[in-house]
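Visitor: need the 3D shape of this:
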Amino acid sequence: MSNGAVDDSLELQTKEAVWISKKKRFSTVWIVPIVALLIGLILIINDRNNRGAIVEISFKSAAGIMAEKSIIKYKDIEVGKVLAVDFAPDLKSVIVKAEIKKSLKDYLSENTKFWIVHARLGADSVEGLDTLLSGSYIGMYPAKGKKRKKQFEGLKEPPVVVDLSNGLRLTLEAKSRGSIQVGSPIYYKKMKAGSVIGYHLSDDGTKVFIDIFIQNPYSKLVTKATKFWESSGIRASISGDGVDITTESLTAMLSGGISFGNFSTSAKNVISQKAPEEVQNNTHFVLYSDQKSAKKVKYTKELYFWLYFSDSIRGLKEGAPVEFRGVKIGEVVDFFLVGDKKDAEFKIPILIKIEPERFLFADEKSIKKESQGIDIIVLRKLVKKGLRAQLQTISLLTGELFVNLDFHKDSPEANITQEKGLYVLPTVPATIETLKSDIQTLLDRLARVPFEEIGKNLNNSIEMVNNEVIPEISKGLKDVDNLIKNSNITLEDFKKDILPKLDTFVANLNSSIDQIKRSYINKNSRFNTKILRLLDEITRTTKSIKSLVDYLQRHPDSILKGK
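Guide: Numbering: from 1, shown residues only. Just a heads-up that it's a prediction; the model follows:
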């Protein structure tokens, strides 16, 4: 064997010995650290898997919130804790870093809400009293959405309604917010049916949009025919119908409130019996100032007319009703004063509108559902029959006026004319002006009465009664009394002397009374009731005397024997 071959063999054996030697150097001491490392990795992985979601919530202020102490609650159950509180980079807000339970990870979405809970007086409740002892905390409303989020913007105020899926969200249009605020109650027949959840100004600044939420099952009562109105405070009004006072709950009086209801909008709708249409979320409604305004029916068709009056219209207001036989058919739109420089005379044109759909016409079977109401042709016929417009007083207490359309058959003939593109309805003077005219006529007639001559005749009549009638009555009564007292006369003497005198006395007395009546009393009986009473007494006295004379003539022996 050559030396080269021996060297190769030795080198190979040396390498194998070294490898075997290296393999034998691995110690079991490394097993423990390796196992510990594996266990640590497993614990870290399990901890991360079991750890809640880390979120960041932005608030304008973090009053009462402290790191490692404040908690997050949902339905009064702790669902998270605050890890840190720090400023945002621009220092305009506060960033709250918090951990949310793992079970709520799927509920962190764009629909999730966070807010800080303090003790506060709400519109109709007291909230967060427990924070007086435990401190403020963060309220949470978890909700699923299209995607998960880790950064949220906290609400300024606690939400009035957190679950908007359990009802109907609507928007009301109002001229002003009034006393309505977030959380103000919404009533249906004085039962709470929802709340106000927000409000904002329209883009042009002319309206206020109030967002409301109607909860189930009241949301099913809202249709396109539903009317909403303010029910805040106490409302009192004085009208021709009297004094009307309306109140709502104490909550609505203090914090404002809204009511809604369903009314029959018109007789035509009742006849047609159309089913009310359902509404969807974000439908817009008008918010009326009161229930009376909400009940007022809105008609689509209007006819405008001029009315001309020359007398005072004090007490007439825009919006005053126009009535036909006690039924409102329109209202006063405007009025002003127009003068003529030539003759210096003034007249007052009043613009009114009539809603023809308020009139329904009937055929032989029923009311026509498709009726379009009254038209100018029918109105011309009514005017020919005596239809006139007149100002009348709604109430003597308030002095308010309204326009009344009714038939005045004694009024002069007239027709509907046109002026400046509008029809002109004929009018008659107001009732108060008619009353003034009647009173003036009566005063003129009284002025023509000759009171001085009547006084002279009255004095003469009284003197005649005192000088002639009264003495004659006294003398006759004395004669009769003496006759009755004197029982010694015979029946023949009584018939011959006394009875003829009594007849003559009665005849003369009746003649005097008739003369007085013919000369004065019959013509002027309204001006001296005392004289009438006196003459009536005299007449009754003479009738009694006449009855006595007649009886004595039939029974003259009754003077001696008694009746």
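
Visitor: which SS class is the closest residue to S219 other than its chain neighbours?
Guide: With sequence-adjacent residues excluded and distances taken as CB to CB, 6 or more residues apart in numbering, S219 is closest to L168, at 3.7 Å. No exception for glycine: its C-beta is placed from N, CA and C like everyone else's. Here L168 is strand, with the state taken from DSSP: H, G, I helix; E, B strand; the rest coil.

Visitor: so how far is Y218 from the nearest residue to K224 once chain neighbours are set aside?
Guide: Leaving aside its sequence neighbours, K224 sits nearest to E277 (CB to CB, 6+ apart; 4.4 Å). Distance, E277 to Y218, by CB to CB, to the nearest Å: 18 Å.

Visitor: these two: which has the busier surroundings?
Guide: Y218 (19 against 8; other CB atoms under 10 Å).

Visitor: what's near enough to touch the more buried one?
Guide: With contact set as CB atoms under 8 Å, 6 or more residues apart in numbering, Y218 has these partners: G167, Y188, M191, A193, G194.

Visitor: burial measure for F228, as a count.
Guide: Neighbour number of F228 under other CB under 10 Å is 22.

Visitor: could you give me the average pLDDT of the helix or strand where it lies?
Guide: When secondary structure is defined by DSSP states H and E, F228 falls within strand 226-230. Taken as a whole, strand 226-230 has a mean pLDDT of 91.

Visitor: repeat that for stretch 418-428.
Guide: 87.

Visitor: mind listing what's buried along that stretch?
Guide: Y423, V424, L425, P426, T427, V428 (16 or more other CB atoms under 10 Å).

Visitor: equivalent analysis for stretch 78-97, please.
Guide: V79, G80, K81, V82, V85, S93, V94, I95, V96.

Visitor: wait, the second one sits on I54?
Guide: This points to G80. No: applying CB atoms under 8 Å as the test, G80 and I54 come out as separate, 9.8 Å apart.

Visitor: where do the contact lists of these two overlap?
Guide: A98, E99, I100.

Visitor: Serialize those residues to a markdown table and add fields for pLDDT and neighbour count.
Guide: Formatted as a markdown table, the shared contacts of G80 and I54 follow (pLDDT from 0 to 100; neighbours: other CB atoms under 10 Å):
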| residue | pLDDT | neighbour count |
| --- | --- | --- |
| A98 | 93 | 26 |
| E99 | 92 | 16 |
| I100 | 91 | 23 |
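
Visitor: now the residue nearest to K224: how far from T226?
Guide: E277 is 10 Å from T226, by CB to CB.

Visitor: distance between the ends of stretch 139-153?
Guide: Distance between the two ends of stretch 139-153: 13 Å, counting by CA to CA, to the nearest Å.

Visitor: which residues touch that stretch?
Guide: Counting by CB under 8 Å, 6+ apart, 53-58, 72-74, 79-80, 100, 104-117, 158-159, 162-163 sit against stretch 139-153.

Visitor: quick one on the thing from earlier: need the buried residues of stretch 78-97 in TSV (columns: secondary structure and distance to W306).
Guide: As requested, those are exported to TSV (DSSP: H, G, I helix; E, B strand; the rest coil; distance: CB to CB, whole Å):
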residue	secondary structure	distance to W306
V79	strand	72
G80	strand	73
K81	strand	77
V82	strand	74
V85	strand	73
S93	coil	64
V94	strand	68
I95	strand	70
V96	strand	70
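
Visitor: which pair of these spans the longest distance?
Guide: V79 and S93 (23.1 Å; CB to CB).

Visitor: what helices or strands is the host helix or strand of I116 leaning on?
Guide: Taking DSSP H and E as the criterion, I116 maps to strand 113-117. Counting contacts by 3 or more CB pairs under 8 Å, 6 or more residues apart in numbering; DSSP states H and E, strand 113-117 is packed against strand 137-141.

Visitor: mind redoing it with 10 Å?
Guide: strand 53-59, strand 71-74, strand 94-100, strand 137-141, strand 151-153 (3 or more CB pairs under 10 Å, 6 or more residues apart in numbering; DSSP states H and E).

Visitor: which one of those is the most hemmed in?
Guide: Among those, the stretch with the highest mean neighbour count (mean count of other CB atoms under 10 Å) is strand 137-141, at a mean of 23.

Visitor: adjacent strands (with direction) for it?
Guide: Partners of strand 137-141 in the sheet, by DSSP bridges, are strand 71-74 (parallel), strand 113-117 (antiparallel).

Visitor: for F213, give the beta-bridge partners.
Guide: R169, S195.

Visitor: so who does it touch?
Guide: F213 makes contact with 159-161, 163-164, 166-170, 186, 193-198, 219, 281, according to CB atoms under 10 Å, 6 or more residues apart in numbering.

Visitor: pLDDT wise, what is it at?
Guide: Predicted confidence (pLDDT) for F213: 93.

Visitor: what do you get for E127?
Guide: 59.

Visitor: same thing with K22?
Guide: Predicted confidence (pLDDT) for K22: 51.

Visitor: ditto for Y308
Guide: 91.

Visitor: other SSEs contacting the host helix or strand of it?
Guide: In this assignment (DSSP H and E), Y308 forms part of strand 303-309. Secondary-structure packing of strand 303-309 (3+ CB pairs under 10 Å, 6+ apart): strand 327-335, strand 345-354, helix 376-384, strand 387-393, strand 401-407, strand 417-419, strand 422-424.

Visitor: pLDDT score assigned to the residue lying closest to E355 once chain neighbours are set aside?
Guide: If the residues on either side of it in the chain are set aside, E355 comes closest to Y299, at 4.1 Å by CB to CB, 6+ apart. For Y299, the pLDDT comes out at 72.

Visitor: now L382
Guide: Here, the pLDDT recorded for L382 equals 90.

Visitor: thought it was touching F407?
Guide: Yes: with contact defined as CB atoms under 10 Å, L382 counts as touching F407 (8.0 Å).

Visitor: more neighbours, the two?
Guide: Using other CB under 10 Å, the more surrounded residue of L382 and F407 is L382, with 16 against 13.

Visitor: how close does that one get to L405?
Guide: 8 Å.

Visitor: now do the shared contacts for those two.
Guide: Common neighbours of L382 and L405 (CB under 10 Å, 6+ apart) are F324, R388, L425.

Visitor: can you lay out those residues as TSV showing distance to V286?
Guide: Converted to TSV, these look like this (distance: CB to CB, whole Å):
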residue	distance to V286
F324	28
R388	36
L425	32
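
Visitor: can you show me the helices along the protein?
Guide: In the chain, the segments counted as helices under DSSP state H are 3-24, 31-50, 131-134, 250-255, 267-272, 291-295, 376-384, 431-447, 451-464, 470-485, 491-493, 499-516, 529-554, 558-561.

Visitor: neighbours around K207, how many?
Guide: K207, neighbours per other CB under 10 Å, totals 16.

Visitor: wait, A414 sits on K385?
Guide: No: at 11.3 Å, A414 does not count as touching K385 under the criterion of CB under 10 Å.

Visitor: which stretches of the stretch 1-150 of the chain have low pLDDT?
Guide: Along the stretch 1-150 of the chain, the model assigns pLDDT under 70 to residues 1-29, 47-50, 120-133.

Visitor: ok, V117 to G154 distance?
Guide: 11 Å.

Visitor: could you give the angle of the strand holding Y308 to helix 376-384?
Guide: Computed by axes from the mean of the first three to the mean of the last three CA atoms, to 10 degrees, the angle separating strand 303-309 from helix 376-384 equals 30 degrees.
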